[in-house]
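[1] Using only what follows, build the 3D model:
(2 chains)
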Amino acid sequence: MHDISRIRRDPNGFDVAMARRGMAPQSAILLALDNARREAIATEEASQARKNARAKAVGQAKARGDHVEAQRLLDEVGASIEGAVTEVRVRQETELTGALSILPNILDADVPEGRDETANLVVHQHGNPADLPNAKQHFELGEALGLMDFATATRLSGSRFVVLKGQLARLERALGQWMLGLHTDTHGYTEVNPPLLVNAPTLYGTGQLPKFEEDLFKSGDHYLIPTAEVPLTNLVADQVIPEPLEPLRFSALTPCFRSEAGSAGRDTRGMLRQHQFSKVEMVSITRPEDSDAEHERMTRCAEAVLTALGLTWRRIFLCAGDTGFGAARTYDLEVWLPGQKAWREISSCSNCRDFQARRMKTRFKRGKEMVFAHTLNGSGVAVGRALIAVMETHQQRDGTILVPEVLRTWMGTDKVGSGAAIS
RNA sequence: GGAUGGGUGGCCGAGUGGUCGAUGGCGCGCGCCUGGAAAGUGCGUAUAGGUCAAAAGCCUAUCGUGGGUUCGAAUCCCACCUCAUCCGCCA
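    Predicted coordinates for the structure are as follows:
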């Protein structure tokens, strides 16, 4: 959410910022709405003040026992209520808030210019893409092992679902448990087990509503979370929190639910893009001056996961056109999939600065001032995609999959599919 | 789901139609007292919005939320949310 008084002070700067997102100038319409709103407020307040003064005079007259004067005042009042002015004010405020709430965050100055992912910047690469001869894709491996079943999932639920069985189901569980443990035990995050169903104000706080409702699954008055970023960030919603000298860090392993309304036909094979998937999420709440360092730190926490799994990955600095609605800057982590012979996103770490905090009203007191907190979120990492990456990266010639060292105690074996029939 | 009782400032807690943004206490801040501290004592201590170049000041709103009654609502009425307890149901 944007600060209208800031737009008022520098309308041109705001238009330039929105232009980087590929948007038309917004300030003229916003300022017009703001003027109308302020006019409505002035009108209403003047009316209120008159009303208050009259009521007070009546009260004072009665208090001193002057019933004649009190009655005179009452007679004078007559039909003086002006309810319409309140209606106008509420409408003007709603209009301005509505217009502001669908505008994306202002990007950091150093975010690369560009309209789409082709302008993203590779910041760092770990390892080199392996060129495995006859490398198979994860769904070929999984189906051959009889442990990954899309046909049955389709019967149960439709497209974009999967049934994992046996050691692959266990590998998925092992990945999630191990990652969460890594963040809570060694990266300083507090483990949280949040609700998976949340209400509309909560989704408004992190920016999914009102603009992206079609991406969400809804059940009654609740929505299924598209990411644990939503409940984790909103832990501090509507609060004046003690100023945190160290960032507040939360992590959770949860299922995520996405309608994938806008991605018909994309990534339909395999389990790359599902309606339901597990993800380990990291969220930090910081002071403004600490969010840059925290963003770097958080990204490294995600990178540590990929490195420990023996994956080949790279860090991408998303360009202006590819950065999400609520973020001021975003690093994506992409992992190399030897079977697919492509880099695919497996984590996304964003600094939202005070954009979400304004929506959530998360502040702390600094001296006499109220300061909006900064919020950050990152995947640490997407479990389903980590499963894919592990399968494709550590596949063996015989179609089995070598279990990364760090997962062996969770798996009780060093190989998935050993003994299974290989096609 | 049913019944009953609650939701007031950072916290506790008064307040049942009138100068109430709200007594008092705790906490916090600044003083006084003291050799220093404790105790005692004095003063101060909400948020948002508007007006203003800015500050001060002034105005408006906020006693769970939204409506209503009234010249005037923390206080009365209605709906909803939420908490507690009891009953029912249930993994």
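[2] Shouldn't residue A:122 be within a strand?
    Yes. Applying DSSP: H, G, I helix; E, B strand; the rest coil, one finds residue A:122 inside a strand.
[3] Run through the bridge partners of it.
    With DSSP bridges applied, residue A:122 shows beta-bridge pairing to residue A:316.
[4] pLDDT averaged over the lengthiest helix in chain A - what is it?
    Longest helix in chain A, counting residues (DSSP state H): helix A:27-63. Helix A:27-63 carries an average pLDDT of 88.
[5] So which elements touch it?
    helix A:4-9, helix A:11-20, helix A:67-77, helix A:83-101 (3 or more CB pairs under 8 Å, 6 or more residues apart in numbering; DSSP states H and E). In this view, the C-beta of every residue, glycine as well, is placed from N, C-alpha and C.
[6] between those, which gets nearest to RNA strand B?
    helix A:67-77 (4.4 Å; CB to the nearest atom of the strand).
[7] would you put the C-alpha positions of the closest one in CSV?
    Taking Å, rounded to 0.1, in the frame of the first residue of the first chain, the C-alpha atoms of helix A:67-77 are listed here in CSV:
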residue,chain,number,x,y,z
HIS,A,67,-34.4,24.5,31.1
VAL,A,68,-35.8,27.5,29.3
GLU,A,69,-32.6,28.0,27.4
ALA,A,70,-32.1,24.3,26.8
GLN,A,71,-35.6,24.1,25.3
ARG,A,72,-34.9,27.1,23.2
LEU,A,73,-31.8,25.5,21.8
LEU,A,74,-33.6,22.3,21.1
ASP,A,75,-36.3,24.1,19.2
GLU,A,76,-33.6,25.9,17.2
VAL,A,77,-31.9,22.7,16.1
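[8] which other helices and strands contact that helix?
    helix A:27-63.
[9] Least confident secondary structure element in chain A?
    Here the helix or strand of chain A ranked lowest by mean pLDDT, DSSP states H and E is helix A:67-77, holding a mean of 76.
[10] Tell me where chain A has helices.
    Under DSSP H, chain A gives helices at A:4-9, A:11-20, A:27-63, A:67-77, A:83-101, A:138-145, A:150-157, A:166-185, A:200-206, A:229-233, A:291-308, A:355-360, A:383-393, A:408-411.
[11] model confidence over the first one, on average?
    Read that as helix A:4-9. 92.
[12] So for it, what gets flagged as buried?
    The neighbour-count check on helix A:4-9 (16 or more other CB atoms under 10 Å) flags A:4, A:7 as buried.
[13] which residues sit against that helix?
    A:14, A:27, A:30, A:31, A:34, A:96, A:100 (CB atoms under 8 Å, 6 or more residues apart in numbering).
[14] okay if I get these as JSON lines plus neighbour count and distance to residue A:314?
    Listed next are those as JSON lines, based on neighbours: other CB atoms under 10 Å; distance: CB to CB, whole Å:
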{"residue": "A:14", "neighbour count": "23", "distance to residue A:314": "34"}
{"residue": "A:27", "neighbour count": "19", "distance to residue A:314": "38"}
{"residue": "A:30", "neighbour count": "21", "distance to residue A:314": "39"}
{"residue": "A:31", "neighbour count": "16", "distance to residue A:314": "43"}
{"residue": "A:34", "neighbour count": "20", "distance to residue A:314": "44"}
{"residue": "A:96", "neighbour count": "21", "distance to residue A:314": "42"}
{"residue": "A:100", "neighbour count": "19", "distance to residue A:314": "36"}
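[15] would you turn these into JSON lines with distance to RNA strand B?
    As requested, the contacts of helix A:4-9 are exported to JSON lines (distance: CB to the nearest atom of the strand, whole Å):
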{"residue": "A:14", "distance to RNA strand B": "16"}
{"residue": "A:27", "distance to RNA strand B": "15"}
{"residue": "A:30", "distance to RNA strand B": "12"}
{"residue": "A:31", "distance to RNA strand B": "12"}
{"residue": "A:34", "distance to RNA strand B": "7"}
{"residue": "A:96", "distance to RNA strand B": "10"}
{"residue": "A:100", "distance to RNA strand B": "12"}
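[16] Just flag the most distant two among those residues.
    Across those, the longest distance by CB to CB is 14.0 Å; it joins A:14 and A:96.
[17] Residue A:106 reaches residue A:328, doesn't it?
    Yes. Assessed by CB atoms under 8 Å, residue A:106 is found in contact with residue A:328 at 6.5 Å.
[18] More neighbours: which of the two?
    residue A:328 (22 against 19; other CB atoms under 10 Å).
[19] give the contact list for that one.
    By CB under 8 Å, 6+ apart, the neighbours of residue A:328 are A:105, A:106, A:107, A:108, A:111, A:350, A:351, A:352, A:353, A:355.
[20] quick one: contacts for the fourth one?
    Shown here is residue A:108, whose contacts under the criterion CB under 8 Å, 6+ apart are A:328, A:329, A:351.
[21] What residues are bridge-paired with the spatially closest residue to residue A:343 that is not a sequence neighbour?
    Counting by CB to CB, 6 or more residues apart in numbering, the nearest residue to residue A:343 once its immediate chain neighbours are dropped is residue A:334, at 4.1 Å. Beta bridges link residue A:334 to residue A:314, residue A:345 when assigned by DSSP bridges.
[22] which ones are touching residue A:334?
    A:313, A:314, A:316, A:343, A:344, A:345, A:346.
[23] any idea how far the third one is from RNA strand B?
    To RNA strand B, residue A:316 is 36 Å away according to CB to the nearest atom of the strand, to the nearest Å.
[24] Isn't that residue up against residue A:118?
    No. Look at residue A:316 against residue A:118 with CB under 8 Å: they stay out of range, at 11.6 Å.
[25] Have a look at these two and say which one is more surrounded.
    residue A:316 (23 against 9).
[26] what about that one, distance to residue A:395?
    Using CB to CB, to the nearest Å, residue A:316 is found at 25 Å from residue A:395.
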